[in-house]
Structure formats: structure tokens, C-alpha cells
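Trainee: Fold the following and give me the result.
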Amino acid sequence: MIHVIDSEMGSGKTRGITEWLESDVSTQSNDTKYIYVTPFLDEVKRVMQLCPQANFHTPNNEDWSTKSKHLTHLVSKSHNIATTHSLFSLITQDMCRMLRERRYVLILDEVMECVSKYNALSDHDIKVLLKSGYVSPCENTSNLIWSEIDDDKYIGKFGAVRHLCLNRKLDLYGGKVLLETFPIEFLNCFSEVYILTYLFKGSAMSSYLKAHGLTYEMLTIQDNKIKPWSEFCDESSRKRDLRGLITIYEGPMNKIGTKIGQSCPLSSTWYDTQATQKTSAIASLKASTGHYFKKVADTRAIDNAWTVFKPQVKRLKGDGYSKGWIPVNCRATNQYIDKRSLAYLCNVFHNPTIVQYFKQRGIAFNQDLYALSEMLQWIWRSQIRRCDPIHLFIPSERMRGLLYLWLNTRSTPELIRQLS
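Mentor: Here you go, the predicted model:
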């Protein structure tokens with residue numbers, strides 16, 4: 001059974017689930033074991049502190065050659081485990097079997113990236129792999145199969161590909177694109193799964209579960225207690241307070257993000273086009289960002305945070321805010337909680353190949369709900385998380401409109417209806 005605990009950032013999801021977990025560990029009479037997965041090591045340490053009775057172990061490479069090998073050992077010994085998303089994504093078929101045998105419960109703090117483009121090989125390398133016979137598409141699925149399964153002595157440039165294939169983590173899409181996927185059986189090996197996030201229905205993980213025919217129960221957190229989502233999803237009171245705490249810039253510097261025709265200003269493709277054509281748009285946006293922090297927000301560099309897609313960081317960074325860059329996909333950390341003036345210089349869309357991947361499986365993907373979710377996660381790294389006021393510069397007309405829509409809807413179901 002999959003349970004989604006869907007509640008606004010900073011609403012106490014971690015506190016609520018750890019209190020439930022501590023209570024369950026102290027009273028349970030069965031042999032249930034837990035693996036708690038969170039994005040950052042700092043959060044791993046926090047979970048271990050919040051759950052002393054669970055006696056969580058975390059993999060390390062001090063006594064083991066790799067953290068992955070230590071993780072396998074901890075599972076074999078039926079320990080409760082706290083680890084990161086990046087390490088958890090490395091689990092294997094053998095580990096999956098042990099997790100199932102030991103009836104582990106999985107707690108995911110934030111959604112996983114279940115499908116992504118595999119960019120480690122060039123188009124030429126993919127052709128070589130297919131023509132050489134090292135890999136071949138499975139007849140019944142899109143999985144790539146490594147032909148020489150018993151060739152444990154293989155050493156070569158395709159070693160990583162071989163490992164992924166043997167663990168059913170590599171798909172061939174459209175005959176030429178490689179996708180790295182998290183095998184659905186790796187989720188099914190757990191007796192229960194809890195996912196802690198917000199706007200889950202806008203996530204790629206939600207689409208991934210639907211594509212595999214899996215359903216999930218929606219829950220939420222109120223007063224540190226797990227409650228039914230359908231009965232406790234009204235956010236009107238909280239959003240009324242937020243509207244008084246968030247100041248969104250409205251002025252001529254937003255013109256660069258206004259949609260004209262079919263354009264998608266401030267999207268990743270737009271930035272690439274401006275850079276290739278050597279237009280003045282990026283320089284103009286950089287000047288506007290500096291002006292915003294210095295003259296409009298009038299805050300110190302230490303108080304400022306900004307984001308843009310990673311390839312554009314060097315082009316956009318400027319005096320008074322450069323060191324405040326936070327990755328656009330940042331979530332689940334309190335590291336930036338003192339930031340109070342923010343510039344969100346992105347217009348977010350999920351990778352079109354992944355969207356098409358879901359579409360071919362009959363699953364519609366809501367780009368607006370996804371973009372809003374990503375932006376909210378980023379904004380909530382700031383001091384708004386502790387209910388302190390913030391200033392926002394969001395030049396993208398689309399992203400700014402999504403934030404206004406969210407602030408003025410009573411609940412996520414109402415938001416989804418308006419975006420459908």
C-alpha cells in the first residue's frame with residue numbers, strides 16, 4: 001500500500017511521521033523494519049535524532065569500500081536504515097529480494113526521480129551498443145537486456161550500462177533514447193510506502209505510479225498528526241496569512257517574461273536560444289536582477305537568493321547576489337532559511353521526452369502543476385518557512401501567474417480543477 005502525506009512545506013510532515021514511527025517502533029509486536037530516505041545527509045542525521053528508539057543506521061564508506069555495499073549489509077542484518085535518495089536509487093535486484101523477505105516499510109521524504117534521460121552515452125555509443133549485440137530490447141517491455149548476463153569479468157566503457165541493464169533500470173525509448181528508470185518492483189518489494197511531499201499529483205512520480213497501474217492513499221498532516229487528505233486539505237486560512245507575507249514585484253522589469261505568440265520566455269530552451277543568437281536579453285535580465293536586489297528589495301547580499309538553470313549561472317550572476325544561487329530543484333533543506341529577497345529567473349517545464357513517455361502510456365502530465373510545485377519548493381527554502389516576510393522577483397509571466405493562482409485557491413483539489 002502506498003500512502004502519500006501531502007502537506008505544505010514546513011507544515012510538520014517530518015515531525016509528524018517521526019512521531020508516528022517512534023510510537024510504532026515502541027509498541028509493535030511484529031518484525032517490521034524501516035528504511036527512511038531523504039534528500040540530504042543533514043536530514044538523515046536529523047531523522048536519526050528524532051527517532052532514537054528506531055535505532056537507525058546510516059551507510060558509510062569508512063569501514064566499507066562503498067556505501068552501497070554497507071547498505072546491502074544493513075538490509076541483510078534487518079537494521080532500520082536512514083539514507084539519501086542518491087544512495088537509495090542504487091538498490092539492486094538482490095537487495096530488493098532481501099527487503100521483501102524482511103518486510104521493510106519505506107518512508108520517502110520527497111518524491112523520487114523515477115524516470116530520467118540517461119545522458120552518459122552519446123547517440124553514436126547507443127548505436128554501437130545495439131548493433132554489437134551487447135544489449136537488446138526486451139520483447140514484452142521497453143527494458144534493455146544485457147546479452148552476456150554471465151559475463152562477470154566484463155571490463156569496458158559500458159560497465160555502468162551493464163549494471164543498469166542487469167537491474168532492469170534502463171529503457172530504450174523511441175528506438176534511440178535511453179531512459180534510466182526506477183523499476184516498479186523495487187517499490188512493490190516494500191510492505192508499505194509513505195511519501196512525504198506537497199502537490200504530489202503534479203509530480204512525475206505520481207504519473208509513474210499511474211503508468212504502472214498503482215494507486216495511492218492521500219493523507220495530510222495537521223497538528224503533527226496524520227489525517228485524511230480529503231477532510232483536511234483546506235488551506236484558505238494559511239494562504240490568507242501568506243498573502244500578507246509575500247510581496248511579489250510588479251513592474252516594467254517583468255516585461256522580458258511576457259509571452260508573445262508561441263514563445264516560452266525564461267524557459268531552458270529560451271535561454272539557450274538567446275545565448276546562441278547572442279541577443280541582449282540575458283544581459284538585460286542580469287541588470288534587472290541586480291537592480292531588483294539593490295533598489296527594489298534593498299537587501300544585503302547575504303539576504304538574497306536567486307536561481308536560474310545551471311548552464312546559465314555564469315551569464316546571470318552579478319554583484320550583490322551571486323553567492324546566493326540556489327539550484328532550481330532544491331528542496332527539503334533548511335540551509336537557506338535566512339534568505340528574504342528572492343529572484344526566480346526560470347520558466348519551468350518537465351523534459352518533453354519524459355512527458356511523451358507518460359503520454360504513450362495513457363497518462364496526461366500537468367506541466368503547470370509540476371512547475372508550480374517546483375517553484376513553491378524553491379521559495380520555501382527561504383524565511384517564509386518560518387512565517388517571516390519575503391520579497392519575490394518572478395519575471396516569468398507564467399510562473400508568476402501560477403503563484404497568484406495558488407495563493408488565491410482554497411485547496412489543492414480546487415487548484416487542480418482550475419489548471420485542468
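
Trainee: quick one: low-confidence ranges for the stretch 251-400 of the chain?
Mentor: Nowhere does the stretch 251-400 of the chain drop to pLDDT under 70.

Trainee: quick one, strands of it?
Mentor: 304-307, 341-344, 390-393 (DSSP state E, counting those that start in this stretch).

Trainee: Partner strands of the helix or strand Val105 falls within, with direction?
Mentor: Under the criterion of DSSP states H and E, Val105 resides in strand 104-109. The pairing partners recorded for strand 104-109 under DSSP bridges are strand 33-38 (parallel), strand 192-197 (parallel).

Trainee: what's in contact with it?
Mentor: With contact meaning C-beta atoms under 8 Å, 6 or more residues apart in numbering, strand 104-109 is reached by 13-14, 17, 21, 32-39, 43, 47, 75, 187, 189-196, 332. Glycine gets a C-beta too; all of them are placed from N, C-alpha and C.

Trainee: Can you list the low-confidence ranges for the stretch 51-200 of the chain?
Mentor: Checking the stretch 51-200 of the chain against pLDDT under 70 turns up 148-154.

Trainee: Can you tell me the closest non-neighbouring residue to Ala211?
Mentor: Spatially, and ignoring its direct neighbours in sequence, Ala211 is nearest to Arg361 (4.3 Å; C-beta to C-beta, 6 or more residues apart in numbering).

Trainee: wait, I meant Leu402
Mentor: Leu372 (4.4 Å).

Trainee: Could you give the number of residues near the one you found?
Mentor: Neighbour count of Leu372, defined by other C-beta atoms under 10 Å: 23.

Trainee: With Asp319 instead?
Mentor: 9.

Trainee: Contacts only, for the residue lying closest to it once chain neighbours are set aside.
Mentor: Nearest non-adjacent residue to Asp319, counting by C-beta to C-beta, 6+ apart: Gly290, 6.2 Å away. By C-beta under 8 Å, 6+ apart, the residues touching Gly290 are Gly318, Asp319, Gly320, Tyr321.

Trainee: Gly290 and Ala297, how far apart?
Mentor: 11 Å (C-beta to C-beta, to the nearest Å).

Trainee: quick one: contacts for the residue lying closest to Arg243 once chain neighbours are set aside?
Mentor: On the basis of C-beta to C-beta, 6+ apart, the spatially nearest residue to Arg243 that is not a chain neighbour turns out to be Leu407, at 5.5 Å. Leu407 makes contact with Lys239, Leu242, Arg243, Ile246, according to C-beta under 8 Å, 6+ apart.

Trainee: just the buried members of those residues?
Mentor: Taking 16 or more other C-beta atoms under 10 Å as the criterion, what is buried in those is Lys239, Leu242, Ile246.

Trainee: Send me whichever strand or helix holds the first one as PDB with only the CA atoms.
Mentor: Applying DSSP H and E as the criterion places Lys239 in helix 236-243. Included here for helix 236-243 are C-alpha records, laid out as PDB according to Å, rounded to 0.1, in the frame of the first residue of the first chain:
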ATOM      1  CA  SER A 236      -7.500  29.100   3.000                       C
ATOM      2  CA  SER A 237      -6.600  30.300   6.400                       C
ATOM      3  CA  ARG A 238      -2.900  29.600   5.800                       C
ATOM      4  CA  LYS A 239      -2.900  31.300   2.400                       C
ATOM      5  CA  ARG A 240      -4.700  34.300   3.800                       C
ATOM      6  CA  ASP A 241      -1.700  34.800   6.100                       C
ATOM      7  CA  LEU A 242       0.800  34.100   3.300                       C
ATOM      8  CA  ARG A 243      -0.700  36.800   1.100                       C
END
